[in-house]
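S.K.: what's the 3D shape of this:
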Amino acid sequence: MTTPEVKTVLQYVRELLEDESKWTKGASAKNGSLFSTDPKGKFAERWCLAGAIIKHSDYELAFAVSSLLLECLQKTMPGIKSIVSYNDYNSTSHKDILALLDAAILACDAEETSNDKA
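M.R.: Here you go, the predicted structure:
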């Protein structure tokens, strides 16, 4: 079950990572010199998928958002165990990350529509 807060975080993350220069691999966040930094810190300029979620949520909400993303990802990649490893795979592109976020946002929309009809 998703909540409006989950969808809101997904939308913030999608907006943040839409610019490919704001996305990274290998660290939750990186500063302007490409060194690892706190994803919520003032020096962060690039985020991996998980880092962008952390930037926009608390622990409990980050878990819910990550769980939904993993659920969406496992529909096409059943063996995948984490969004962190997916983000960091050599073959994962920026376009793949945006597509995953879009799929999760659509899943939230579908659940809202389903709940409205109930």
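
S.K.: who touches the lengthiest helix in the chain?
M.R.: Determined from DSSP state H, the single longest helix within the chain is helix 94-117. Helix 94-117 has contacts (Cβ atoms under 8 Å, 6 or more residues apart in numbering) with 1-2, 6-7, 10-11, 13-14, 17-18, 20, 23, 49, 65, 68-69, 71-73, 83, 86-87. To be clear about C-beta, it is placed using only N, CA and C from the backbone, and glycine gets the same treatment.

S.K.: inside helices: which ones of these?
M.R.: Counting by DSSP H, the contacts of helix 94-117 contribute 6-7, 10-11, 13-14, 17, 49, 65, 68-69, 71-73, 83, 86-87 to helices.

S.K.: filter the residues you listed down to the buried ones, ChimeraX style.
M.R.: Buried members of the ones in helices among the contacts of helix 94-117, defined by 16 or more other Cβ atoms under 10 Å, are picked up in ChimeraX with:
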select :6,7,10,13,14,17,49,65,68,69,72,73,83,86,87
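
S.K.: residue 61: neighbour count?
M.R.: The number of residues packed near residue 61 is 17, by other Cβ atoms under 10 Å.

S.K.: same deal with residue 91?
M.R.: Residue 91: 6 neighbours (other Cβ under 10 Å).

S.K.: name the SS class of it, please.
M.R.: coil (DSSP: H, G, I helix; E, B strand; the rest coil).

S.K.: measure it to residue 83 for me?
M.R.: Separation of residue 91 from residue 83 (Cβ to Cβ, to the nearest Å): 15 Å.

S.K.: end to end on stretch 50-59, go ahead and measure it.
M.R.: Taking Cα to Cα, to the nearest Å, stretch 50-59 runs 11 Å from one end to the other.

S.K.: averaging pLDDT per element, find the lowest-scoring helix or strand in this structure.
M.R.: helix 94-117 (a mean of 88; mean pLDDT, DSSP states H and E).

S.K.: measure the spatially closest residue to residue 46 that is not a sequence neighbour to residue 85 for me?
M.R.: Setting aside the residues directly before and after it, residue 46 is nearest to residue 24 in space (Cβ to Cβ, 6 or more residues apart in numbering), at 3.9 Å. With distances taken as Cβ to Cβ, residue 24 is found 15 Å from residue 85.
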